[in-house]
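Q: model the following, please.
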Amino acid sequence: MKTLNDKVVVITGAGSGIGRALALNAAGKGALLALSDVDESGLAETVDLVKNAGAREVRSDRVDVADRAAMTAYAASVADQFGRVNVVVNNAGVALAGNFEEMDYADMEWIVGINFWGVIHGTKEFLPHLIASGDGHIVNLSSLFGLLSIPGQSAYNATKYAVRGFSEAVREELLIAGHPVGVTVVHPGGIKTAIARNARVTSSEDQAETAKVFDKKLARMTPDKAAAIIVDGMLAGKPRVLVGIDAHLLHNWAKFTGARYQDIVAKLAGRMLPKKRA
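A: Down below sits the predicted model:
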C-alpha cells in the first residue's frame, strides 16, 4: 500500500489523542473513514474535525472493542457499507497504574479486555475483508512499554508486550500464506494525550500526581506528529514503528544493557515514578 487515497480506513479509539490525529491525517490523504470509540462526545468532535478537513466519507459508531459480538457486527457492517476494508488501526487503549500486589482482578480484566482483546477482535473480525481487498494493512498500537518494562505498569506492560508478540506472529503467518496484508506494530513513547488522566490506579497511587508526571515530564510529542510518523511507516511497509526520540533511545538502551536494564530502572525508580499517597 503506497497511498490512502480512496482506501477505507477503520480506526478504533478515534475520539481523542492519536486516534483522532490518525483520522485527520487519513482524511487529508483522501481516505474513507470508519471511526469508533466508547466516548460518544469525543467521537462526535472528531467527526466534525475530519469533515471540516475535507473527509470524503465518514462513518462513526460507538463500539466497545472488548465486546466480541459488537466487534463482529461492526466489522460486517463497515464492510457492507463501504464494500471493502483496506486498513484497520487497532488504536483504542487504556492505562492502569500501580504495584501488581495491589491490583484487583476487575481492573486487570478491564485493561486486558481493551488493550489486548480489542486488538485481537479488530484483527480477527476485519482480516477476511482486508485479505479480500487485495491491498490491506493492519496497524496495531503497542507502546514503548511493549519493548521495556517499568515498575508500576505491570498490567499495561503485559498488554503491550502481548500486542507486539501477537502482531509479529500474525505478520509472519500472512507472509507465509502470501496474503496481501501488511502488519505494522507501533511503539509510541510519550505522546500528549489524555491516557494518563483517564487511567485507573491502585489505592496507593495518586491519580493527579500520576497524570501530572506523564503530562509534564514524559509527554513530549503531539498526536499530530505521532500520527504522521505512524502513517508514513505504514505506507513504507515497516513492520515496526517507534514514535519519539524517547522510544528510540530507551529501546536501544535496553537492547545494549540486556536484561540488566531492569536492575538500573529499579534503582532509579524513586526519581522516575510518581509520588505515592501518604
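
Q: count of neighbours near residue 136?
A: 26 (other CB atoms under 10 Å). All C-beta spots, glycine's among them, are computed from the backbone N, C-alpha and C.

Q: so the nearest residue to it once chain neighbours are set aside: helix, strand or coil?
A: Leaving out its chain neighbours, the residue that sits closest to residue 136 by CB to CB, 6 or more residues apart in numbering is residue 130, at 3.1 Å. Recorded secondary structure, residue 130: helix (DSSP: H, G, I helix; E, B strand; the rest coil).

Q: spit out the contact partners of residue 130.
A: By CB atoms under 8 Å, 6 or more residues apart in numbering, residue 130 lies in contact with 85-88, 136-138, 181.

Q: now do 6 Å
A: Neighbouring residues of residue 130 by CB atoms under 6 Å, 6 or more residues apart in numbering: 85, 136, 181.

Q: tell me which residues in stretch 23-40 are buried?
A: For stretch 23-40, a neighbour-count test (16 or more other CB atoms under 10 Å) marks 23-27, 31-39 as buried.

Q: which of these sits closest to residue 240?
A: residue 25 (19.2 Å; CB to CB).

Q: can you name the element that comes right after the host helix or strand of the closest one?
A: Using DSSP states H and E, residue 25 sits within helix 17-28. Following helix 17-28 in sequence order, the next helix or strand is strand 32-37 (DSSP H and E).

Q: mean confidence score for stretch 13-32?
A: Averaging pLDDT along stretch 13-32 yields 98.

Q: okay, and for the stretch 101-250 of the chain, where does confidence drop off?
A: 217 (pLDDT under 70).

Q: now do the helices in it.
A: Along the stretch 101-250 of the chain, counting by DSSP state H, counting those that start in this stretch, helices occupy 105-115, 117-133, 154-177, 207-213, 223-235, 245-257.

Q: output those in CSV; the columns should cover distance to residue 2.
A: As requested, the helices of the stretch 101-250 of the chain are exported to CSV (distance: least, CB to CB, whole Å):
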stretch, distance to residue 2
helix 105-115, 30
helix 117-133, 14
helix 154-177, 18
helix 207-213, 39
helix 223-235, 6
helix 245-257, 25
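
Q: so which of those gets nearest residue 50?
A: Ranking those by their distance to residue 50 (criterion: CB to CB) puts helix 223-235 first, at 12.2 Å.

Q: now do that closest one: everything it contacts.
A: For helix 223-235, the surrounding residues in contact (CB under 6 Å, 6+ apart) are 17-18, 21-22, 25, 137, 139, 184, 186, 188, 191, 241, 243.

Q: format these as CSV; extra columns: distance to residue 53.
A: Converted to CSV, the contacts of helix 223-235 look like this (distance: CB to CB, whole Å):
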residue, distance to residue 53
17, 17
18, 16
21, 11
22, 12
25, 9
137, 21
139, 20
184, 23
186, 22
188, 22
191, 20
241, 23
243, 22
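
Q: got a winner among those residues for most neighbours?
A: Most surrounded of those: other CB under 10 Å gives residue 22, at 31 neighbours.
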